[in-house]
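mind folding the following:
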Amino acid sequence: MRLTVLRPILLVASLAALSGCGQMAELKPRQGHHLPVAPYGRPYQSNANELLKNTSQNRPDRNVELHTRSEPRSDDPFDLPPKEDVHP
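Prediction:
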């Protein structure tokens with residue numbers, strides 16, 4: 001009984017999820033909206049696909065330098081003790 005009710009629900013949910021997977025169209029702003037203006041100094045305005053590309057500022061490279069052995073930390077010049085309250 002429970003399986004006969006669950007099967008159509010799963011079928012409809014999977015078809016709804018797959019319906020948007022194959023959409024391949026050029027991205028455009030909604031009607032009445034505009035893309036951002038071109039940055040100062042750029043001779044052209046970026047399109048939507050260019051604006052969606054990740055730059056190194058958006059997604060910096062990973063630091064893959066692995067520590068193979070423990071090493072003592074160097075002194076931190078900004079690691080200062082707290083100031084003591086001096087009451088007159």
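
flag the shaky bits of this structure, pLDDT-wise.
For the chain, the stretches flagged by pLDDT under 70 are 1, 3, 20-23, 86-88.

mind listing the helices in it by residue range?
For the chain, the helices defined by DSSP state H cover 2-18, 48-52.

save those as a markdown table, and put in mean neighbour count and distance to residue 64 too.
No exception for glycine: its C-beta is placed from N, CA and C like everyone else's. Converted to a markdown table, the helices of the chain look like this (neighbours: other Cβ atoms under 10 Å; distance: least, Cβ to Cβ, whole Å):
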| stretch | mean neighbour count | distance to residue 64 |
| --- | --- | --- |
| helix 2-18 | 9 | 35 |
| helix 48-52 | 10 | 26 |
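
just send these back as CSV, with distance to residue 76 too.
Output for the helices of the chain, formatted as CSV (distance: least, Cβ to Cβ, whole Å):
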stretch, distance to residue 76
helix 2-18, 51
helix 48-52, 40
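
closest one to residue 32 among these?
Nearest to residue 32 among the helices of the chain is helix 48-52; the distance by Cβ to Cβ comes to 15.5 Å.

return the closest one as CSV; C-alpha atoms alone will do.
Taking C-alpha atoms only, helix 48-52 is exported to CSV below (Å, rounded to 0.1, in the frame of the first residue of the first chain):
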residue,chain,number,x,y,z
ALA,A,48,26.5,37.6,-18.1
ASN,A,49,28.7,34.6,-18.9
GLU,A,50,31.9,36.7,-18.3
LEU,A,51,30.5,38.0,-15.0
LEU,A,52,29.9,34.4,-13.8
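
residues in contact with it: which ones?
With Cβ atoms under 8 Å, 6 or more residues apart in numbering as the test, helix 48-52 has contacts from 26-29, 35-36.

out of the helices of the chain, nearest to residue 71?
Closest of those to residue 71 is helix 48-52, at 40.9 Å (criterion: Cβ to Cβ).

which among the contacts of helix 48-52 end up buried?
The neighbour count (16 or more other Cβ atoms under 10 Å) marks nothing among the contacts of helix 48-52 as buried.
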